[in-house]
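Engineer: prediction below, plus the sequence it came from.
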Amino acid sequence: MNRPRIAFAGTGEFAVPVLRALTRAAEVVQVITQPDRPAGRGLKPKAPPVKEAAQRLGLPVVQPRSINAPETLNELGELDLDMLVTTAYGQLLKKPVLELPRLGCLNVHASLLPKYRGAAPVAWAIASGERFTGVTVFLMDEGMDTGPILLQRAVEIAPDETRGELERRLAELGGELAVAAVQGHASGKLRPRPQPKEGSFAPRLKKEDARIDWGWPAERVHNWVRAMNPWPSAFTYFRGRRLKLHRTRMGPELEGAPGELRPEGRRLFVICGEGTVELVEVQPEGKRAMSALDFLNGYRPRPGESLVGS
């Protein structure tokens, strides 16, 4: 089978490199994505990134409210699919959909399963201080990221890498592995291996998850800031107003109370429960993102002034 017939289901930016890669290795007969959603100040409908990418590639797109709806299932049944490949789609596939393609449904997931099953694997891997993560392609079953593994590859997480930066790297890797998995599965050269039942879960991020507790050790604060970039953005409060923290570095050992600011020359440190972090890029409420130096020059925080978590 040189070019298997596949449908692709995806929504977010992470799925776009995977879709592009698959068009070079398979006959993508349909792209399935979520409906357009209101966005921006005017709440105008905005197309998902996968829809925009599919249109640029000249691929047919459908946007069902539910991929499991009977009418969607009937449409998929008419496509004579070898496989359905999903990545960052945002809907769970039920048994009738899973059983429809001749060779089943594959998912490209941004973790080393069985670690970090769920909606936000990259964020929780960084927040947990993992040194390595990766991409797994597996055959889907009715569980949450529990199906047998076809391919898996690990990558090292850089010490100051943000979630957005890591996701871009993993998305490109996901495209490579998706192609290899589709070709290997279609030819019968790949042997699926069952996952262990035990694993960890990576729930969807909420805005409140981004709050910083300055009683945490500095390493946890730094990891949290990286994990919440670009959304929902780690935050604290300065002079009673919200301050987003976009980038930090690990700082030197300094004495003081958690949350205490320490301006030192052109640099700005914050005391944590253990150690310090250096602020690199911040965003005061109602303002643009700025460097810590611009923040120092504009707001002139005093030694001993504090950031507070609530």
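Structural biologist: Okay, I see it.
Engineer: correct me, but residue 144 touches residue 114?
Structural biologist: No: using CB atoms under 8 Å, residue 144 makes no contact with residue 114, being 10.6 Å away. Just so you know, the C-beta spots here come from the backbone N, C-alpha and C atoms, and that holds for glycine as well.
Engineer: neighbour-wise, which of these two wins?
Structural biologist: Legend: neighbour count by other CB atoms under 10 Å for residue 144 and residue 114, higher for residue 114 (18 against 12).
Engineer: quick check: closest non-adjacent residue to that one.
Structural biologist: Spatial nearest neighbour of residue 114, chain neighbours left out: residue 199 (2.9 Å); criterion: CB to CB, 6 or more residues apart in numbering.
Engineer: is it true that that neighbour touches residue 118?
Structural biologist: No: applying CB under 8 Å, one finds residue 199 not in contact with residue 118, separated by 9.6 Å.
Engineer: which residues do these two both contact?
Structural biologist: residue 145 (CB atoms under 8 Å, 6 or more residues apart in numbering).
Engineer: coming back round to it: who's in contact with the residue nearest to residue 114?
Structural biologist: 113, 114, 115, 116, 117, 145, 146.
Engineer: list the contacts for the third one?
Structural biologist: With contacts taken as CB under 8 Å, 6+ apart, residue 115 has the following neighbours: 121, 125, 130, 133, 199, 200.
Engineer: measure it to residue 172 for me?
Structural biologist: For residue 115, the distance to residue 172 equals 21 Å [CB to CB, to the nearest Å].
Engineer: with the fourth one instead?
Structural biologist: For residue 116, the distance to residue 172 under the criterion CB to CB works out to 19 Å.
Engineer: ok, these two, which is more surrounded?
Structural biologist: residue 116 (25 against 14).
Engineer: pLDDT score for the nearest residue to the more buried one once chain neighbours are set aside?
Structural biologist: Closest residue to residue 116 apart from its sequence neighbours, by CB to CB, 6+ apart: residue 202 at 4.1 Å. Residue 202 is assigned 97 on the pLDDT scale.
Engineer: same question, residue 1
Structural biologist: Residue 1 is given a pLDDT of 63.
Engineer: repeat for the one 5 residues further on
Structural biologist: For residue 6, the model assigns a pLDDT of 98.
Engineer: what's the following helix or strand after the host helix or strand of it?
Structural biologist: Here residue 6 sits within strand 5-10, counting by DSSP states H and E. Using DSSP H and E, the helix or strand that follows strand 5-10 in sequence is helix 15-22.
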